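# Show me the folded form of this:
(one chain, ligands or ions: 4)
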Amino acid sequence: AKQQGRNNFQWYTSDLNQRVCEYASLRNDLQKAIETQTLQLHYQPQVDARTGRVVGLEALLRWEHPEKGFISPTVFVPVAEDSGQIIPLSLWVLDAACAQLRQLSDQGTTSISMAVNISPMHFHRGHFVQYVQATLEKHGLRGEQLELEITESLLLNNAEQAIETLHRLKALGVRIALDDFGTGFSSLSYLKRLPIDKIKIDRSFVQEIATDHNDAAITQGIISMAHHLSLTVVAEGVETESQMEFLKGSYCDVFQGYYFAKPMPFVELEAFLDLPASI
Ligand code: C2E
Ligand code: CA
Ligand code: CA
Ligand code: CA
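Residues are numbered from 1 along each chain as shown. Ligands and ions are numbered 1, 2, ... in the order given. You can find the predicted model right below:
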């Protein structure tokens, strides 16, 4: 038993070592990817529940590692947040998403907005609002064309300051969406203090709405509460027709999910939106 215990311990440490190594190499490779700008953005359409028209896009990071293939942002975004690389990465994402939005605007899609995911670290950094403003100006965009997706974790340390920053963003016309709604600890009364425009119901609720009474009830409750607070409701991760029908019947405003379209590179988006291809 002793012998086995020691082996287990050795196995554990070498496993840990290996993980530390993998982490360090991921960090290094990510650094290279940032410097050589080999990261990409894909765009997922958001569809108006009533008209069926595409009203928005969410920009999602994609990284194709030279040896390991595609690495999920759920893996490398936390690494970047931990190492501080999220700052240059986020600056690039915002700029690149706005550049593409400019191009879409030029192709005639002036009513489509672009949603960008914002890390708390980026949000809390000095000059965040100025950077957003400068980026909008650089690309000749109105604030209303940009949406920032935040999570409630942003409010953890200094809620007052976060709320003030949100007000300054709102003053630019920028829209704010609260992402992954329902997964955290947000009490409903908390919501009315936040200067936000939208909530995005988390995929984990949407997944079960057609089969689970509780998730269906929670989702309907969230939608009706949000509407009372004059918030728009986006459902994420809509994969099936029955999910879509249920959400439609519950007066959800906007759908996003594989049922409509997966995140896609810009060139595919042009075809999806039936736009004249860019040069
Ligand atoms: P998120 O912001 O909640 O993004 C939604 C995720 O759900 C995306 O995963 C999207 O591809 C996926 N999704 C959309 N529709 C469906 C569906 O119908 N079914 C299923 N199964 N999945 C669906 P993705 O692209 O892998 O991104 C994962 C997370 O990584 C994001 O979650 C976000 O937290 C983070 N992330 C992605 N891009 C960025 C970025 O540019 N900046 C920051 N800070 N985080 C990002
Ligand atoms: Ca998001
Ligand atoms: Ca989400
Ligand atoms: Ca999520």
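
# The biggest strand by length in the chain and ligand 3, are they touching?
Taking DSSP state E as the criterion, the chain has its longest strand at strand 54-65. No - contact between strand 54-65 and ligand 3 is absent, the nearest approach being 8.5 Å (criterion: C-beta under 5 Å from the ion). Using the backbone N, CA and C atoms, a C-beta is placed for each residue, glycine as well.

# right, is that strand up against ligand 2?
No - figure legend: strand 54-65 not in contact with ligand 2 (C-beta under 5 Å from the ion); closest approach 5.7 Å.

# Show residues contacting that strand.
With contact meaning C-beta atoms under 8 Å, 6 or more residues apart in numbering, strand 54-65 is reached by 29-30, 33, 38-48, 70-71, 73, 76-77, 89, 93, 96-97, 100-101, 111-117, 147, 149, 254, 256, 263, 269, 273.

# Return only those of those residues found close to ligand 2.
117, 149.

# just for the protein, where's the confidence low?
Applying pLDDT under 70 to the chain flags the ranges 1-13, 185-189, 277-279.

# can you map out the helices along it?
2-35, 73-83, 86-106, 120-124, 128-138, 159-171, 188-191, 203-208, 213-228, 241-249, 266-272 (DSSP state H).

# Can you say which of those helices is nearest to ligand 1?
Closest to ligand 1 of the helices of the chain, according to C-beta to the nearest ligand atom: helix 73-83, at 3.5 Å.

# Work out the gap between the closest one and the centre of the chain.
14 Å (C-alpha atoms, centre = their mean, to the nearest Å).

# and if you look at stretch 78-93?
14 Å.

# likewise stretch 46-57?
Distance, centroid of stretch 46-57 to centroid of chain: 17 Å (C-alpha atoms, centre = their mean).

# just the CA coordinates of it, formatted as CSV?
Provided in CSV are the C-alpha atoms of stretch 46-57 (Å, rounded to 0.1, in the frame of the first residue of the first chain):
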residue,chain,number,x,y,z
GLN,A,46,-28.0,37.0,-34.0
VAL,A,47,-31.4,36.8,-35.5
ASP,A,48,-34.5,39.0,-34.7
ALA,A,49,-37.3,36.7,-33.4
ARG,A,50,-40.0,38.5,-35.2
THR,A,51,-38.5,39.4,-38.6
GLY,A,52,-36.0,36.6,-38.9
ARG,A,53,-33.4,39.2,-40.0
VAL,A,54,-29.8,39.2,-38.8
VAL,A,55,-29.6,42.2,-36.4
GLY,A,56,-26.2,41.5,-34.8
LEU,A,57,-23.0,39.5,-34.9
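
# Does ligand 1 have contacts with that stretch?
No - on the criterion C-beta under 6 Å from any ligand atom, stretch 46-57 is out of touch with ligand 1, staying 10.1 Å away.

# buried stuff in that stretch?
Using 16 or more other C-beta atoms under 10 Å as the test for burial, stretch 46-57 gives 46-47, 49, 54-57.

# Farthest pair within these?
Ala49 and Leu57 (16.5 Å; C-beta to C-beta).

# Contact residues of this protein facing ligand 3?
Counting by C-beta under 5 Å from the ion, the residues of the chain that sit close to ligand 3 are 179-180, 236.

# what sits opposite the most centrally placed residue in the chain in the beta ladder?
Compute the mean C-alpha point of the chain, and by C-alpha atoms, centre = their mean the closest residue is Asn117, 3.8 Å away. Beta bridges link Asn117 to Glu149 when assigned by DSSP bridges.

# 737 is where my numbering starts, stick with that
Shifting the count to begin at 737 puts that one at Asn853.

# got the contact list for it?
794-797, 829, 885, 915.

# now these in TSV, with neighbour count and distance to Ala907?
Shown next, in TSV, are the contacts of Asn853 (neighbours: other C-beta atoms under 10 Å; distance: C-beta to C-beta, whole Å):
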residue	neighbour count	distance to Ala907
Glu794	25	23
Ala795	23	23
Leu796	19	27
Leu797	21	28
Val829	21	22
Glu885	19	19
Asp915	24	22
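
# Looking at these, which is nearest His903?
Checking the contacts of Asn853 against His903 with C-beta to C-beta, the nearest one is Glu885 at 17.4 Å.

# which bits of this protein sit near ligand 1?
Within the chain, the positions near ligand 1 by C-beta under 6 Å from any ligand atom are 780, 796-797, 808-810, 813, 829, 853, 855, 915-916, 939, 972-975, 992-994, 999.

# List buried residues within those residues.
Counted by 16+ other C-beta under 10 Å, the residues of the chain next to ligand 1 give 780, 796-797, 813, 829, 853, 855, 915-916, 939, 972-974, 992-993, 999 as buried.
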